Structures are given as C-alpha cells and as structure tokens.
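Visitor: When you get a sec, could you give me coordinates for this:
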Amino acid sequence: MGNESSRRGLTKIELVVMVVLPIIGLAVLLPLIQAGRERARRTRCINNLKQL
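Guide: As a prediction, this is how the structure comes out:
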C-alpha cells in the first residue's frame, strides 16, 4: 500500500488519442474514397461515349 494509485479508467490524454486517431484515419481515407468514385464515374462516362 505504497504510493501506487488504484484508480482505474482512462486518462484525458488516452481519451483524446482514442478520439483523434479515428478522425485522422477518416481524414486520410475519405479523399481516397472520393478519388476512386470520381475515377469510376469518368470510366462510366468514357464507356458511354464509346457506345454512341
């Protein structure tokens, strides 16, 4: 029973990290997903023009 703290739970820093990391992940992934959708749209348009 020395100076050890028996507190459980998350520190504020851990909580901030747990919230910020997924946000950073989304910030990286969303532009990639959007670029892929735009490429697919362009491909569809090109294919439609070829069929004319």
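Visitor: where does this protein have low pLDDT?
Guide: Applying pLDDT under 70 to the chain picks out residues 1-6.
Visitor: what's the residue closest to the geometric middle of it?
Guide: In the chain, the centroid-proximal residue (C-alpha atoms, centre = their mean) is residue 26; its distance is 1.7 Å.
Visitor: So it versus residue 33, what's the distance?
Guide: Here residue 26 is placed at a distance of 10 Å from residue 33 (C-beta to C-beta, to the nearest Å). Placement of C-beta: from N, CA and C, glycine included.
Visitor: re earlier: so what's the backbone phi/psi at the residue nearest to the centre of the chain?
Guide: phi -70, psi -40 (degrees, to the nearest 10).
Visitor: repeat for the one 10 residues further on
Guide: When read as degrees, to the nearest 10, the backbone of residue 36 gives phi -60, psi -40.
Visitor: what about the helices in this protein?
Guide: Taking DSSP state H as the criterion, the chain carries its helices at 12-51.
Visitor: Distance from the chain centre to stretch 9-26, please.
Guide: Offset of stretch 9-26 from its chain centre (C-alpha atoms, centre = their mean, to the nearest Å): 13 Å.
Visitor: actually stretch 15-35, not the one I wrote
Guide: The answer for stretch 15-35 is 3 Å, by C-alpha atoms, centre = their mean.
Visitor: Next: stretch 34-48.
Guide: That offset, for stretch 34-48, works out to 22 Å (C-alpha atoms, centre = their mean).
Visitor: contacts for it?
Guide: Here stretch 34-48 makes contact (C-beta atoms under 8 Å, 6 or more residues apart in numbering) with no residue beyond itself.
Visitor: Brilliant, that's me finished.
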